[in-house]
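> Return atomic coordinates for the entry below.
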Amino acid sequence: MIKSNELAAEKETMGTMVELTSAFEGIASARIAQIREQVLQSQEYFGDLWRIYSQLRVDEFFHFGRGEKEVEAIEKELMILITSEGSFSGDIDQRLVSEALKNYNAEKNAILIIGHHGAVQLAQKGVAYVKSFKTPEKDMNINTQPIVAEVQKYRSTVVYYQQYKSLTSQSIQNIRLSKAVMERGNTVAAGEEVIDETTYIFEPDAYAVVDHLERSMMEITLSEVILESKLAQYASRFRAMSAAKERANDTLGEVSLDFNRAKRHEKDERLKEVINGLRKAVA
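Below you'll find the predicted structure:
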């Protein structure tokens, strides 16, 4: 039988594990609430930009803010994969990379990866990517300008991200960036203010303003998709921590029972030794 002091050490370890998993579970839950609030704020800002843009654009096409540089676009589709920075996010990153690679063709696609964990998985699979970015540490004021600069180099872009459904359910989704911006804009209620060159002065000109608005709306859309992915990652982490806490609690209960049995056994052995010693003394 294992000695009680060894079981006591294991019991302490399991108790620490329960505390740690509970703490990580609580952090993930708090981050989920914060991200939801941030997404609501960015949706309002997107609506303001779209109301201006919809009155200034000269056609129904989305030009990725390229303006006169549009002819320079690379004739490939850019695939943006949004994963976590670390491996502490359940299996959702692996699922995303596997899903994206089902549609990957080296001759037709280029990959931009967000998140070190996803970059490692692509490297392990021998798949090259043109650029990698760290997953933003903060959940507010995410800077997506460098990503949009890469998007502008390609004719089209599809984004693979992790969608939050609930604390226990997350899925892999993909969107075409230009289509996502346009569809989202079509749901924005029209504003009352008339915005055109008769009521405003645009510097350097209205075309440059339209290009800036397209870039800004792509930045907002990408930042929200990144937030959505982080939301799913936190939920996946919450689920993993809940499962780990449950296992740790079960193990702690088993170790506690073994510890109590060992203590009783040791007391019984000591009592037997005392009784045997007394018997020998009497004899």
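> how far does stretch 106-117 stretch from start to finish?
Using C-alpha to C-alpha, to the nearest Å, one end of stretch 106-117 lies 21 Å from the other.
> And for stretch 201-208?
12 Å.
> would residue 50 count as being in a helix?
Yes: Residue 50: assigned to a helix according to DSSP: H, G, I helix; E, B strand; the rest coil.
> Contacts only, for it.
184-185, 188, 217 (C-beta atoms under 8 Å, 6 or more residues apart in numbering). For the C-beta atoms, the positions are set from N, CA and C on the backbone; glycine is no exception.
> now swap in residue 108 and tell me
Per C-beta under 8 Å, 6+ apart, neighbours of residue 108: 76-77.
> Can you convert the contacts of residue 50 into CSV and add a column each for secondary structure, neighbour count and pLDDT?
Output for those, formatted as CSV (DSSP: H, G, I helix; E, B strand; the rest coil; neighbours: other C-beta atoms under 10 Å; pLDDT from 0 to 100):
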residue, secondary structure, neighbour count, pLDDT
184, helix, 18, 79
185, helix, 18, 80
188, coil, 16, 77
217, helix, 24, 88
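> Among those residues, which one sits closest to residue 146?
Residue 146 has its nearest neighbour among the contacts of residue 50 in residue 217, at 16.6 Å by C-beta to C-beta.
> Surely the closest one is in contact with residue 180?
No: if you go by C-beta atoms under 8 Å, residue 217 and residue 180 don't touch, sitting 9.8 Å apart.
> follow-up on the earlier one: which of the contacts of residue 50 sit farthest apart?
188 and 217, at 10.5 Å, using C-beta to C-beta across these.
> Which neighbours do those two have in common?
Common neighbours of residue 188 and residue 217 (C-beta under 8 Å, 6+ apart) are 46, 50.
> Tell me where the stretch 101-250 of the chain has helices.
For the stretch 101-250 of the chain, the helices defined by DSSP state H, counting those that start in this stretch cover 116-124, 145-151, 177-185, 206-282.
> who wins for proximity to residue 169 among those?
Using C-beta to C-beta, the nearest of the helices of the stretch 101-250 of the chain to residue 169 is helix 206-282, at 8.0 Å.
> ok, back up a step: which one of the contacts of residue 50 is nearest residue 225?
Using C-beta to C-beta, the contacts of residue 50 come closest to residue 225 at residue 184, 11.2 Å.
> And the helices of the stretch 101-250 of the chain: which comes nearest residue 46?
Comparing those under C-beta to C-beta, the one sitting nearest is helix 206-282, at 4.8 Å.
> Distance check, the closest residue to residue 92 other than its chain neighbours against residue 112.
Nearest residue to residue 92 in three dimensions, chain neighbours excluded: residue 236, at 4.6 Å (C-beta to C-beta, 6 or more residues apart in numbering). Residue 236 sits 22 Å away from residue 112, going by C-beta to C-beta, to the nearest Å.
> Kindly report the same for residue 221.
15 Å.
> now residue 62
19 Å.
> Who has more neighbours out of the two?
Legend: neighbour count by other C-beta atoms under 10 Å for residue 62 and residue 112, higher for residue 112 (21 against 18).
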